[in-house]
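Peer 1: Can you look at this prediction? I've put the sequence above it.
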Amino acid sequence: MRIHAKIEAGRIRVTVSDNGIGMDEATRAQACDASFTTPDVRTGMGLGLSVCYTIADRHGGELILESRPGQGTDISFDLAFASNGPVGVG
């Protein structure tokens, strides 16, 4: 796993990347839905991306999901950033 952050033009973007199995287009399209999960439902709820999407959206940001089967996944979130920290936090 790799984590990268940058501040540019008053915004902060944090990207978390893995080298896992990746996701096909159909899986990516549902990945942020609260009721969607790929593991057996007895082993997880699949709420992580749904929660991240909601947090980013409510703070005027964006969640960006890039993934291809066999090539891992990059998940970025982008938020407005003021000199005293992220806007809308607190």
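Peer 2: Yep, that arrived.

Peer 1: need the longest strand for the chain.
Peer 2: Longest strand of the chain, by residue count under DSSP state E: strand 73-82.

Peer 1: Neighbouring strands of that one in the sheet, and parallel or not?
Peer 2: Sheet pairing for strand 73-82, assigned by DSSP bridges, gives strand 11-18 (antiparallel), strand 62-67 (antiparallel), strand 85-86 (antiparallel).

Peer 1: nearest to Ala26, of the ones you listed?
Peer 2: When these are compared by Cβ to Cβ, strand 62-67 sits nearest Ala26, at 11.6 Å. Placement of C-beta: from N, CA and C, glycine included.

Peer 1: ok, and for that closest one, which residues are buried?
Peer 2: 63, 65, 67 (16 or more other Cβ atoms under 10 Å).

Peer 1: try stretch 20-34
Peer 2: For stretch 20-34, by 16+ other Cβ under 10 Å, it's 22-23, 31-32.

Peer 1: Spit out the contact partners of the residue nearest the centre of the chain.
Peer 2: The centre of the chain sits closest to Ile75, judged by Cα atoms, centre = their mean, with a distance of 4.1 Å. The contact partners of Ile75, taken as Cβ atoms under 8 Å, 6 or more residues apart in numbering, are 15-17, 49, 52, 63-66.

Peer 1: likewise Ser17?
Peer 2: Contact analysis of Ser17 by Cβ under 8 Å, 6+ apart lists 1-4, 72-75.

Peer 1: again with Val14
Peer 2: With the criterion set at Cβ under 8 Å, 6+ apart, Val14 makes contact with 3-5, 76-77.

Peer 1: Cys52 looks like it's in a helix, true?
Peer 2: Yes - counting by DSSP: H, G, I helix; E, B strand; the rest coil, Cys52 falls inside a helix.
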